[in-house]
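Trainee: Sequence and predicted structure, then a few things I'm wondering about:
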Amino acid sequence: MTVHMKDMANAIRFLSMDAIVRAQDGHPGTPMGGADIATALFARHLKFDPKAPGWPDRDRFVHSAGHGSMLIYALLHLCGYEEMGLDEVRNFRVLGSNTPGHPEYHPEAGIEVTTGPLGQGIANAVGMAVAERVLNHRFGDAIVDHYTYAYVGDGCLMEGIGAEVIALAGHLRLGKLVFLWDDNRMTDDGTTDQAVSEDNVTRFLNAGWHVQSVDGHDPEAVAAAIAKAKKTDRPSMIACRTFIGFGIPRIQNDRAAHGGKITKEDTDAARANLNWPHAPFEVSADLYAAWGEGGRRGAESRLAWEERYSRLSNEDRAEFERLMAGTLPEGWERTVLDFKRAKIEDAKPQAGIRASGEMLSALSDAIPELISGAPDLEAATQHKRQLRPFTRDDRGGRYIHYGVREHAMGAMMNGMAAHKGVLAVGTTFLVFSDYLRHTLRMAAMMGLPSIFVFSHDSIGIGKNGPTHQPVEYLASLRAYPNMWTLRPADAVEMAECWQLALRHRDGPTSIICSRQPLEVARATHVDDNLCARGAYVLADAEGGARRATLLATGSEVGVALGARDLLQEQGVPTAVVSMPSWELFEQQDRTYREATLGRGTVRVAVEAAVRLGWDRYVGEDGGFVGMSTFGASGDYPDLFAHFGITPEAVAAEVQSRLDS
C-alpha cells in the first residue's frame, strides 16, 4: 500500500491535536500548519538514526519556533525514537515527561537544543553550521558532512537576533544551513501585516542567501526545494506558504490557532475535514512503517560512515573521539601553571582583560578546538592575538568576526557547544551581557560549557562614563542557576579562573575582567588552584586573633589589602578574603566556609557594584563599601575616590563597627 506524505503529515497533526486536547493546553497552530514541511524534511532528506541518536555525522534539526513543540514530539515519536514513545506524547506538558511545554535539550530523544525564546533556535542553528564546517576542515567530507535545518516561524525572523544571524550566515556563506520558514503570516496578535511590511524573501536575498518560495502544504514541492537547497554553496531559506491551524475549521488561518485552546469538537471536525479515520492517539501500522523509512535510510548512512571512520588512522580516530566527548587534550593545564608562575615572577600590574587575552592566546596553542570571537571588540578585549579568522574562504580559522552582534555571538556559541567538537569562547563588555540574557539562561538550562568573557567590569573603565560602567550586573549574573561567575583579582587568579572555566563541563562560565591594571596580589606560586574553593584567605590576620575580615572580588581585592595595612597599623588584626566565585564557595563544607568568613569578626565586603547578595556573607550587621548609584565620567582613580571605594573608607567601616 502506497502511503502519501499528506497522510504522514496528518499523523503529526492528529497526534498533536490529541495531545493538546488531553493536556488542555498547548499551541496547535504550528504542528497543524507545519506538518507538511516537517514531513518533507524527515521523510526525504534528514540524515538521522533513531537507534543511534548521538551519531556525530547526523543532520541537525532545530525546532526554533519552540512554542509549537508537539510538532517535534510527534515527529520524533513517529520516527521511532525510543525516548519519545506514545506515552510521552500522551503526557504532553506533564511533569517529568519528555514532552514539556517547549522543547528541552535532550539529544538522546532527538532534541538538539532548548528553544522557546524566539530567535535563539535559529542562532543556535547558525552556530551548529559553523561547528560542522570547522570539523569538516579538520576531518574531511568522509567523516563530517552534514546539514543543519531549522524550522522557523515569523517571530524568529522578527526578533532582532534574527537579523544578526541572517546577515552573518550569509556573509560566512554557510552552505550546509537550511531555514524552513513557516510563512503563515499570523502571530498571536493577528496578521503579520499589522507590524511587518518587509519582504523576507528580498531580505534573505540581500543577505546572500539562496531563496525559494513554495506551497508549504505541498510536501512534494517542499522536498524538491530542499533538494535544490542542498546543491548551493550559500545558506538557504525556503519560504513555505502555509495556513496556521491547517485542518481545524474553526481556527484555520486565525490568530486563535497560535495558542488558543482546542476541544474534542475541534478534533472531531478536523477528522471529518481531513478524512482521518483513527481514534485519538491511534496511528496505523502502514503509517508507522512509512515514517520508519527515514530512520532505516539513516541507519544505512551511519553504517557506511562507521566503515569510513574505522579506516581513519588511530591518531585521527582518537582525536575525533576526544573532541566529540568534550575532553581537553593532555597537558593543557601545564599552560596554566606556567602562566601563573610567570606572572608572579614578573609581578607587574596588568589589566584583567589583557591578562585574560594572554591566557586565552596561550591556551589556544594547547587546545586546538578552541574557537573564539568578539562583537567588533577585538582590540578592546585583547584576545584575538595569533588566531586567524574563520571566513567563507578559510574554514580552518579559529576567530569569528561577529561584527556588532552580541546577540548572535552568544546564541551561536551555544549552538557550537550543543553540536560538540569545538570549544566556544566569546568576549564582550560586561554592560553588553544583558544582550545575552536568553543565551546565558539557555546555556545554563542545557548545561552547555560555553565560556563568556566580560570585560570593562566597573567604574574602573573611567572616562566612558556610566553608560558603560556596570554596577548591577554582577548580582544579575550570580542569580543564574548552574552558571559560574568568576571575578579574578589579578593575573594569577585570572589563570586559575580560566582553568576552572575549562574544567566546568556541565554549565557555562562567565569570567569578569577589569579594564584598569591590577597589582599582583600573590607573592608565592602554588600549583593548587586556590580559586577552586570560591573564596580563600589571601592575607591572614597578624598580631593576634582575627578581629576583622574583608571580603572582596576583582579589582577591589587591592583596595581590601590596602585597608588591611591600615587596620593592622591601628592594631586590628585583619584578614583579606578573595572571593572570585560565590557559586564555588557555596559548594564548600560548612567548616571551611565559616573559617574563611571569620564568624565572630567584623565583616566588610568591598566591591565596585551594588550590595545585592553580600548580606549573606557579611551578615545583617556587616559593612559594605561599593556602589549605590550609577557611575560617572572621569579618571578611574578619581572615580574610586569620589564614590568612596578606598582603603581609608574600608578601614573606617571596620572601625565604626568595632566601636559600636
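Mentor: Happy to help now that I have it.
Trainee: what's near enough to touch the residue lying closest to Ala417 once chain neighbours are set aside?
Mentor: Leaving aside its chain neighbours, Ala417 sits nearest to Leu448 (4.0 Å; criterion: C-beta to C-beta, 6 or more residues apart in numbering). For the C-beta atoms, the positions are set from N, CA and C on the backbone; glycine is no exception. Applying C-beta atoms under 8 Å, 6 or more residues apart in numbering, we find Leu448 in contact with Asn414, Ala417, Ala418, Met442, Gly507, Pro508.
Trainee: same thing with Arg317?
Mentor: Tyr309.
Trainee: thinking again about what came up before, can you tell me how far the residue nearest to Ala417 is from Gly415?
Mentor: The gap separating Leu448 from Gly415 is 9 Å, by C-beta to C-beta, to the nearest Å.
Trainee: Next, count neighbours for Arg311.
Mentor: 10 (other C-beta atoms under 10 Å).
Trainee: What's the per-residue pLDDT of it here?
Mentor: Arg311 carries a pLDDT value of 97.
Trainee: quick one on the thing from earlier: of all the contacts of Leu448, which comes closest to Val526?
Mentor: When the contacts of Leu448 are compared for distance to Val526 (C-beta to C-beta), Gly507 wins out at 26.4 Å.
Trainee: Is Ala239 part of a helix or strand, or is it coil?
Mentor: Recorded secondary structure, Ala239: strand (DSSP: H, G, I helix; E, B strand; the rest coil).
Trainee: With Thr391 instead?
Mentor: Quick answer, by three-state DSSP: Thr391 is coil.
Trainee: Thought Gly397 was touching it, still the case?
Mentor: Yes - at 5.8 Å, Thr391 counts as touching Gly397 under the criterion of C-beta atoms under 8 Å.
Trainee: on that earlier part again, and the residue nearest to Ala417, which helix or strand is it part of?
Mentor: Following DSSP states H and E, there is no helix or strand that holds Leu448.
Trainee: where's the closest residue to Lys348 other than its chain neighbours, which helix or strand?
Mentor: Closest residue in space to Lys348, ignoring its immediate chain neighbours: Val520 at 7.4 Å, by C-beta to C-beta, 6+ apart. Using DSSP H and E, Val520 maps to neither a helix nor a strand.
Trainee: if I pick Val520, what's in contact with it?
Mentor: Going by C-beta under 8 Å, 6+ apart, the list of residues near Val520 reads Lys343, Ile344, Asp346, Ala347, Lys348, Pro349, Gln350, Asp490, Ala491, Val492.
Trainee: How about the contacts made by Ile122?
Mentor: Neighbours of Ile122 in contact, by C-beta under 8 Å, 6+ apart: Val62, Ser64, Ala150, Val152, Cys156, Ile161, Gly162, Val165, Phe179.
Trainee: The fourth one and Val606: what is the separation?
Mentor: Which is Val152. Distance, Val152 to Val606, by C-beta to C-beta: 48 Å.
Trainee: closest to Trp614 among the contacts of Val520?
Mentor: Distances from Trp614 to these, taken by C-beta to C-beta, are shortest for Asp490, at 21.1 Å.
Trainee: Does that closest one touch Ser555 like I think?
Mentor: No - applying C-beta under 8 Å as the test, Asp490 and Ser555 come out as separate, 9.1 Å apart.
Trainee: Looking at the two, which is more packed in?
Mentor: Ser555 (30 against 27).
Trainee: That one: what's its closest spatial neighbour, skipping adjacent residues?
Mentor: In space, Ser555 is closest to Ser514, 4.7 Å off (C-beta to C-beta, 6+ apart).
Trainee: Tell me how many other residues surround the one you found.
Mentor: 31.
Trainee: Helix, strand, or coil at it?
Mentor: Here Ser514 takes the coil state, with states given by three-state DSSP.
Trainee: now the one 10 residues further on
Mentor: Reducing the assignment at Thr524 to three states with three-state DSSP gives coil.
Trainee: What residues does it make contact with?
Mentor: Thr524 touches Ile344, counting by C-beta under 8 Å, 6+ apart.
Trainee: how much space between Pro449 and Leu76?
Mentor: Taking C-beta to C-beta, one finds Pro449 at 25 Å from Leu76.
Trainee: In terms of neighbours, single out the busier of the two.
Mentor: Legend: neighbour count by other C-beta under 10 Å for Pro449 and Leu76, higher for Leu76 (29 against 19).
Trainee: Alpha carbons only: can I get stretch 283-300 in CSV?
Mentor: C-alpha atoms of stretch 283-300 as CSV (Å, rounded to 0.1, in the frame of the first residue of the first chain):
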residue,chain,number,x,y,z
VAL,A,283,-1.7,5.6,14.0
SER,A,284,-2.0,2.8,11.5
ALA,A,285,0.8,0.3,11.0
ASP,A,286,1.2,1.4,7.4
LEU,A,287,1.9,5.0,8.6
TYR,A,288,4.3,3.9,11.2
ALA,A,289,6.2,1.8,8.6
ALA,A,290,6.3,4.8,6.2
TRP,A,291,7.7,7.0,9.0
GLY,A,292,10.3,4.4,9.8
GLU,A,293,11.8,4.6,6.4
GLY,A,294,13.8,7.8,7.2
GLY,A,295,15.4,6.1,10.1
ARG,A,296,16.2,3.0,8.1
ARG,A,297,17.8,5.1,5.4
GLY,A,298,19.8,7.0,8.1
ALA,A,299,21.0,3.7,9.6
GLU,A,300,22.4,2.7,6.3
